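Asker: fold the following, please.
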Amino acid sequence: MSAITELSELSGEYVLDTTRTRIGFVARHSVGPRVHGHFEEFEGSARLDGDDPAKSAVRLTIKSASLQSHNKFRDDPVRAKFLDIENHPDITFTSTEVKQVDDTHFEVTGDLTLRGTTKSLTLAVESTGGEHDPQGDVRIGFKGSVPIDRKDWGVRANPVDTLIVSSQVTIEFEVAAVRHP
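Answerer: Got it, this is the predicted structure:
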């Protein structure tokens, strides 16, 4: 594999490599350590303009029911009560603005729709590089995280909520994408 060092060489249309991408979350439980989990089903695409990153765009759709923290007694209620997967099967993110901060860091602002509520947020994103893989495809990587207050999106266990899970949840991602030929 050969590394690509010039951002302009990475321009193009990309699709997520779901086998090499992780979209996760971290939440604090009222007692004990933080709970880590991830989503197993998602799809996404990006348009990268290496000459003018402001013209770049990202779209992501996550299947709410694919939430996993490896504890059925926690996951089933979170899916049903917090995410209301019956009425809101998807979590989506669509970028509205991309700003290049330096050679490897970007701010990606967009609309996050969770449980039927859409709010704008800005992700701090770091490029982890680009390369030609053995098949000749161009692959890129990005990582980052963003803290959210789940209550801003109406994510509550019940109308009065409880103190069992902190309202602060950190969304984490490590993304691999492949350029369309």
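Asker: which parts of the worst-scoring helix or strand of the chain on mean pLDDT count as buried, going by neighbours?
Answerer: Least confident element among the helices and strands of the chain, by mean pLDDT, DSSP states H and E: strand 2-4 (a mean of 73). Residues of strand 2-4 classed as buried by neighbour count (16 or more other C-beta atoms under 10 Å): I4. Yep, even glycine has a C-beta here, placed from its N, CA and C like the rest.
Asker: what helices or strands is that strand leaning on?
Answerer: The helices and strands touching strand 2-4, judged by 3 or more C-beta pairs under 8 Å, 6 or more residues apart in numbering; DSSP states H and E, are strand 117-132.
Asker: and the strand it packs on, what's buried?
Answerer: For strand 117-132, the neighbour count (16+ other C-beta under 10 Å) marks L123, V125, E126, S127, G130 as buried.
Asker: for stretch 70-87, same thing?
Answerer: Burial within stretch 70-87, assessed by neighbour count using 16+ other C-beta under 10 Å, is assigned to R74, V78, R79, F82, L83, D84, I85.
Asker: can you count the residues close to V146?
Answerer: Residues near V146, counting by other C-beta atoms under 10 Å, number 17.
Asker: could you pull up the contacting residues of it?
Answerer: V146 is in contact with L121, T122, L123, A124, T170, I171, counting by C-beta atoms under 8 Å, 6 or more residues apart in numbering.
Asker: show me which pair in those is furthest apart.
Answerer: Within the contacts of V146, two members stand farthest from each other by C-beta to C-beta: T122 and T170, at 14.3 Å.
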